[in-house]
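> Structure for the following, please:
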Amino acid sequence: MAVPMPPMPPMAMPMPPPPVSNMPPMGPMGPMGPPPPSDMPGMFMPMPEMHAAFFWGHRAQVLFHDWPGYRGDVGMYILCLVVVFVLAALVEALSAASKGISSRRPAAVLAITGIHAVKIGLAYVVMLAVMSFNVGVLLAAVVGHTIGYLLARIGLFRRATGSGEEDAPRNGALAASEAAEPRP
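Got it, this is the predicted structure:
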């Protein structure tokens, strides 16, 4: 005959004591004490307001310290939007320009590489401007890319050719001038 065992009581592990530290306690002032007084030049600067979500308004900081600024200057904000718009359109224009060059000559390859480097640099600058989380800057960048792409597609930035077609064949197809000529 089996005798049922009584339930086991829960076991608790003893917690080790906290480590002994010579550090002063952390508080609102931090371990180093209060910030230096403001009469010491260059030691303490107030931080601009940082946004973690998109916001509307002309008081923003885009790309540079105090630009366009918090002074309430709407003209500088509009200039900022125009600069972001032009940079975004220029990214698309450089993309179209690099596609219009088709050559394996070293000079052409270096030109394409230089155009690509400038294009990527400008794209990163536009990305950093958008990271200001200002809706106006975001819209200026999107509209700039859109208008730049449209102008590149209608041929404003494309290299002119005699036949009106692109130089570089796509997906292994022959260019119109090569297809018309019989090979010996």
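> so what's Ala96 closest to, chain neighbours aside?
Ala152 (3.3 Å; C-beta to C-beta, 6 or more residues apart in numbering). For glycine as for every other residue, the C-beta is placed from the backbone atoms N, C-alpha and C.
> Distance check, that neighbour against Ala107.
According to C-beta to C-beta, to the nearest Å, Ala152 and Ala107 sit 23 Å apart.
> quick one: what helix or strand has the residue nearest to Ala96 in it?
helix 135-153 (DSSP states H and E).
> Who are the packing partners of that helix?
strand 60-64, helix 74-99, helix 106-130 (3 or more C-beta pairs under 8 Å, 6 or more residues apart in numbering; DSSP states H and E).
> Swap in 7 Å and give it another go.
helix 74-99, helix 106-130 (3 or more C-beta pairs under 7 Å, 6 or more residues apart in numbering; DSSP states H and E).
> winner for burial among the ones you listed?
Neighbour counts (mean count of other C-beta atoms under 10 Å) averaged over each of those peak at helix 74-99, with a mean of 19.
> okay, the angle between that one and helix 135-153?
Calculated by axes from the mean of the first three to the mean of the last three C-alpha atoms, to 10 degrees, helix 74-99 forms an angle of 30 degrees with helix 135-153.
> for helix 74-99, packing partners?
strand 67-69, helix 106-130, helix 135-153.
> one more time with 10 Å, if that's ok
strand 60-64, strand 67-69, helix 106-130, helix 135-153 (3 or more C-beta pairs under 10 Å, 6 or more residues apart in numbering; DSSP states H and E).
> which stretches of the protein aren't confidently modelled?
1, 11-13, 18-51, 66-67, 69-72, 156-184 (pLDDT under 70).
> before we move on, the earlier item: nearest to Thr146, out of the helices and strands packed on helix 135-153?
In terms of C-beta to C-beta, the element of the helices and strands packed on helix 135-153 nearest to Thr146 is helix 74-99, at 8.4 Å.
> coming back round to it: between helix 106-130 and the helix holding Ala152, find me the angle.
Using the same axes, to 10 degrees: helix 135-153 against helix 106-130 is 150 degrees.
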